[in-house]
Each structure stands twice: as structure tokens, then as C-alpha cells.
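A.B. asks: Sequence and computational prediction follow.
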Amino acid sequence: MDGNMKLRKLKIKDALLMLEWMHDESVTMYLKTDFRNKTEDDCVSFISSSLSDKKNIHMAITDDNDEYMGTVSLKNINYTDSFAEFAITVRRTAMGKNFASFGMNEIIRIAHEDLNIKRVIWCVSTNNHRAIKFYRKLGYIQISDVPEELLKKYSDQMDLIWFEG
């Protein structure tokens, strides 16, 4: 199935399917942001601003019909210290179908090969067993050497596991 998956820039047409996962508590329950009150307009605004954002890269994971399955991101890209924060979310319908692993592997490849970013780092709640199992299954390693800039962003959250890819 991976042959039919691709990453592309987000498009306005993705807004409703993006909103779908935002309102799906099974997808968002362990995420830092509260997505419950997001609207289609919020999604359109996010997509529009992502197209010219230089500090973050947000891309759609799509199927062979160009249907949006989720978003992968490199956030807070720090070219000086050569690291970026990784983020991913996929629609429930995309789970278990390799969309997440494809998107993750591809955005990390882009970070390393195209952007020369040495470290791609992310955190996950210790309660998010599904995500932790997923990252470990893919062979990503748990780290403790996290840049201060990222630690500060999450200083209000206690039980986090950090990974690097």
C-alpha cells in the first residue's frame, strides 16, 4: 500500500477531513492542544498559513485518490542547532494501514536529507500507550538529551517520553 501513499502540501480541500480527527477524542485525547472547539475555518486558516510558514513544515499524508489521511510536521525548525520537533496525527480510518509509518519515515527523511537537520525529536504522554508502542515498533529510540528550547515548551507537562528519529 505504501506505493500509493504520498506526502504533499496541505490543501484547502483537506480542511473537513482535518476537522474530523480534531473532533475524534480517540485521536486527540493525549495531545497537548485541545482540538474540540476547532472549526472548519480554523483548519482553513491553519492550512493557508502553513503554505508560507518558514519555521514549520506541515504536510498531508494522502492515499492514491489524494484523500487526506493525516498531517506530519516538522515544527520549530532550528537550523542553527540542527533540530526540529516532529508531530503527526492521522484520521482514525487511516490507523493500522501504514499511513502513519509512511508519513513519519518520509518527513524524517526530508529533515535529514533535504534540510540537513541532524535531530528530529518529539514527545509523547506516558499514558499514550498506542503511540509509544507504535514508535518503538518502528525502532525509534527514547532519549533524555532534549534541547532546552523544546523542554521549555512542555514544562507544564510532567509524564512525557522523548523520542528521536
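C.D. replies: Received the coordinates, thanks. Just so we're clear, the structure is a prediction, and the values are computed from it rather than from any experiment.

A.B. asks: mind showing which ranges of the chain have poor pLDDT?
C.D. replies: Low-confidence segments of the chain (pLDDT under 70): 1-3.

A.B. asks: report the longest strand in it, please.
C.D. replies: Residue-count comparison of every strand in the chain, with assignments taken from DSSP state E, identifies strand 68-78 as the longest.

A.B. asks: Please point out which parts of stretch 56-68 sit buried.
C.D. replies: Burial within stretch 56-68, assessed by neighbour count using 16 or more other C-beta atoms under 10 Å, is assigned to 57-63, 68. All C-beta atoms are positioned from the backbone trio N, CA, C, and that covers glycine.

A.B. asks: ok, so of these, who is nearest residue 129?
C.D. replies: The shortest separation between residue 129 and any of the buried residues of stretch 56-68 is 22.3 Å, and it belongs to residue 61 (by C-beta to C-beta).

A.B. asks: and that closest one, which of the three is it?
C.D. replies: Secondary structure, DSSP: H, G, I helix; E, B strand; the rest coil: residue 61 is strand.

A.B. asks: Ok, residue 89 next?
C.D. replies: strand.

A.B. asks: isn't it right next to residue 24, touching?
C.D. replies: No: taking contact to mean C-beta atoms under 8 Å, the distance of 9.7 Å between residue 89 and residue 24 leaves them out of contact.

A.B. asks: Could you count how many residues lie near residue 23?
C.D. replies: Around residue 23 sit 13 other residues, with neighbours defined as other C-beta atoms under 10 Å.

A.B. asks: quick one: it from residue 126, how far?
C.D. replies: 25 Å (C-beta to C-beta, to the nearest Å).

A.B. asks: Check which helices and strands the longest strand of the chain sits against.
C.D. replies: For strand 68-78, the helices and strands in contact under the criterion 3 or more C-beta pairs under 8 Å, 6 or more residues apart in numbering; DSSP states H and E are helix 15-22, strand 57-62, strand 83-90, helix 99-109, helix 148-153.
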